[in-house]
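J.: Take a look and give me a structure for this.
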Amino acid sequence: MIADLHIHSRYSRATSKEMIIPKITEYAKLKGIGMVGSGDFTHPEWLKELKRDLKQGDGVYEYGGIKFLLNVEVNNIYTKNGKLRRLHNIIFAPDFEMVEKINKYLGRYGKLAADGRPILSLDTYEMLKVLLDISSDIFLIPAHIWTPWFSLFGSNSGFDSIEECFGDLKDKIFAMETGLSSDPPMNWRLSSLDNYTLVSNSDAHSPTRLGREANVFKEDLNYYQLRDVLKNRDREKFLYTIEFYPQEGKYHFDGHRKCGVRLSPKEARFNNNICPVCSRGLTIGVLHRIDTLSDREEGFVPEKVIPYKNLIPLEEIIAEAMGCGRDTVGVKNEYRRLCNLFGNEFEILLNTAIDVLRNNTQEKIAIAIDRVRRGDLIINPGFDGEFGTIKIFEEEKSKESQLGLF
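T.: Next up is the predicted model:
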């Protein structure tokens with residue numbers, strides 16, 4: 001079972017109007033995803049749609065054969081230890097009765113109808129304490145923990161340690177979301193994260209972005225089984241995570257978008273973290289932040305970790321191979337044809353033999369999928385809110401120049 005546990009509805013800002021249950025279900029099936037997070041259950045209109053569309057099953061909700069877990073990402077903004085904190089957290093609940101209790105509580109600290117991801121004037125620690133008082137079945141996962149502006153370890157508004165944020169409740173947190181700008185090896189550099197299960201999710205704002213990061217489990221799970229697998233870091237049932245290339249994330253390198261400046265952590269430190277063009281402070285990226293907080297060298301692998309695989313979405317692969325935009329009719333038609341032929345997107349990306357693909361699609365598409373599997377790519381890291389780029393067919397660069405990107 002492939003699970004994408006962090007998405008948004010059409011009621012979140014900058015989100016597609018197509019983020020409705022039927023469309024989410026349609027694309028989940030195309031991609032091979034069996035479970036998704038509902039997202040946004042604090043928004044009254046989305047909650048109505050969830051109650052209308054979802055059918056309760058065995059410890060989980062369903063629509064059209066896809067499992068849904070009730071959850072929401074909230075934006076906690078508060079002052080702690082003399083510093084403004086801005087953290088995104090994902091709250092999970094087992095049923096609508098519990099959701100109503102959570103919403104009644106959170107509604108005291110923000111306007112829940114204003115956004116699917118509500119802004120709350122509420123300390124993360126205090127919030128978790130009350131949520132656990134409501135029910136021990138509720139759990140919380142800190143979202144995209146390295147994003148500079150809104151996360152647990154964010155360089156601009158986060159904390160330097162888990163204890164600083166969660167205090168005596170740190171053991172009640174058992175999973176962390178790595179986010180698009182980091183992958184497991186980057187997180188393995190912090191021994192403080194060894195006891196937490198690392199999860200990966202898409203944070204999708206449109207149906208086509210579902211599954212760009214996801215979690216692969218051995219078998220179907222319901223709410224309570226999923227919670228226990230994450231809590232126990234069950235390597236027999238949690239097989240691996242599917243990862244976006246972290247360099248493609250918006251905050252991998254340091255930089256200043258207005259000036260078009262992108263720097264590695266080493267280059268940024270050489271410039272005293274100042275933009276060489278305008279002399280203002282750089283936005284410190286994820287890699288730099290990890291360098292600062294880590295207590296291990298790059299390449300360290302702890303014991304009993306959950307494996308991972310880096311992938312590129314199939315539509316992006318087809319688009320580059322065909323030399324046209326991802327949202328063009330030709331790309332969408334070929335994408336759907338291949339998904340219908342082989343079952344779903346992840347079956348194509350992970351399992352279908354390259355020779356079989358050669359016989360059923362354009363040669364260049366098959367070659368591109370093979371290169372993605374082997375990691376034979378040209379990468380320009382993202383910085384300061386600007387997505388990085390992953391190229392498959394650009395002119396090959398020297399080994400030395402490619403290594404300089406990491």
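J.: ok, so what distance separates residue 23 from residue 313?
T.: 17 Å (Cβ to Cβ, to the nearest Å). The C-beta positions use only the backbone N, C-alpha and C, and glycine is treated the same way.
J.: For the two, indicate the residue with more neighbours.
T.: Just comparing residue 23 and residue 313: by other Cβ atoms under 10 Å the higher neighbour count belongs to residue 313, 21 against 17.
J.: all helices for the stretch 151-300 of the chain, in order.
T.: For the stretch 151-300 of the chain, the helices defined by DSSP state H, counting those that start in this stretch cover 162-166, 184-187, 223-232, 265-270, 286-293.
J.: Quick one: closest of the ones you listed to residue 361.
T.: helix 184-187 (30.9 Å; Cβ to Cβ).
J.: Can you give the distance of the closest one from its chain's centre?
T.: Centre-to-centre, helix 184-187 and its host chain are 14 Å apart (Cα atoms, centre = their mean, to the nearest Å).
J.: ok, now stretch 248-263?
T.: 19 Å.
J.: What of stretch 73-85?
T.: Averaging C-alpha positions (Cα atoms, centre = their mean) puts stretch 73-85 21 Å from its chain's average.
J.: Mind naming the longest helix for this protein?
T.: For the chain, the helix reaching the highest residue count under DSSP state H is reported as helix 329-342.
J.: mind listing what's buried in that one?
T.: Of all the residues in helix 329-342, those buried under the rule 16 or more other Cβ atoms under 10 Å are 331, 334, 335, 338, 339, 342.
J.: Let me know the next secondary structure element after it.
T.: Later in the chain than helix 329-342, the nearest helix or strand by DSSP states H and E is helix 345-350.
J.: Buried residues of that next one, list them for me.
T.: 345, 346, 348, 349, 350.
J.: now swap in stretch 70-86 and tell me
T.: Within stretch 70-86, judged by 16+ other Cβ under 10 Å, the buried ones are 70, 71, 72, 73, 74, 75, 76, 77, 78, 85, 86.
J.: again with stretch 140-160
T.: So for stretch 140-160, counting by 16+ other Cβ under 10 Å, buried means 140-148, 150-155, 157-159.
J.: who are the neighbours in contact with residue 294?
T.: 189, 190 (Cβ atoms under 8 Å, 6 or more residues apart in numbering).
J.: Would you check how far apart it and residue 82 are?
T.: Using Cβ to Cβ, residue 294 is found at 25 Å from residue 82.
J.: circling back to that earlier point, centre of the chain to the longest helix of the chain, how far?
T.: 25 Å.
J.: My guess is residue 49 contacts residue 19. True?
T.: No. At 10.5 Å, residue 49 and residue 19 do not qualify as touching, with contact defined as Cβ atoms under 8 Å.
J.: Below-threshold pLDDT in the stretch 201-350 of the chain: ranges please.
T.: Residues of the stretch 201-350 of the chain meeting the criterion pLDDT under 70: none.
J.: Kindly report the same for the stretch 51-200 of the chain.
T.: If you take pLDDT under 70 as the line, the stretch 51-200 of the chain has no such spans.
J.: all strands of it, in order?
T.: Counting by DSSP state E, counting those that start in this stretch, one finds strands in the stretch 51-200 of the chain at the ranges 55-56, 61-63, 66-80, 83-93, 119-120, 139-142, 175-177, 197-199.
J.: Would you mind saying which of the ones you listed lies nearest residue 113?
T.: Nearest to residue 113 among the strands of the stretch 51-200 of the chain is strand 119-120 (11.9 Å), distances taken as Cβ to Cβ.
J.: Listing partners with orientation, what would you give for the closest one?
T.: Its sheet considered, strand 119-120 pairs with strand 66-80 (parallel) by DSSP bridges.
J.: Please state the offset of the strand it pairs with from the chain centre?
T.: Relative to its chain's centre, strand 66-80 lies at 13 Å (Cα atoms, centre = their mean).
J.: Repeat that for stretch 336-354.
T.: On Cα atoms, centre = their mean, the centre of stretch 336-354 falls 22 Å from the chain's centre.
J.: same deal with stretch 203-222?
T.: 9 Å.
J.: same thing with stretch 74-91?
T.: For stretch 74-91, the distance to the chain centre is 19 Å (Cα atoms, centre = their mean).
J.: same question, stretch 196-212
T.: So, by Cα atoms, centre = their mean, the centroid of stretch 196-212 is 4 Å from its chain's centroid.
J.: Do me a favour and get the end-to-end distance for it?
T.: Stretch 196-212 has an end-to-end distance of 22 Å (criterion: Cα to Cα, to the nearest Å).
J.: what does stretch 381-389 give?
T.: Start-to-end, stretch 381-389 (Cα to Cα) is 7 Å.
J.: next one: stretch 251-269
T.: First-to-last distance for stretch 251-269 - Cα to Cα - comes to 16 Å.
J.: Check which residues of it are buried.
T.: 251-256, 261-265, 267-268.
J.: just stretch 51-60 next, same as before
T.: For stretch 51-60, the neighbour count (16+ other Cβ under 10 Å) marks 53, 54, 59, 60 as buried.
J.: before we move on, what about stretch 162-171?
T.: Going by 16+ other Cβ under 10 Å, stretch 162-171 has these buried residues: 162, 165, 166, 169, 170.
J.: Show the contacting residues for the residue lying closest to residue 213 once chain neighbours are set aside.
T.: Setting aside the residues directly before and after it, residue 213 is nearest to residue 200 in space (Cβ to Cβ, 6 or more residues apart in numbering), at 3.9 Å. By Cβ under 8 Å, 6+ apart, the contact set of residue 200 is 177, 178, 183, 213, 214, 215, 241, 242, 243, 244, 308.
J.: cool, residue 282 as well?
T.: With contacts taken as Cβ under 8 Å, 6+ apart, residue 282 has the following neighbours: 254, 255, 256, 261, 263, 268, 271, 273, 274, 275, 384.
J.: All set now, cheers.
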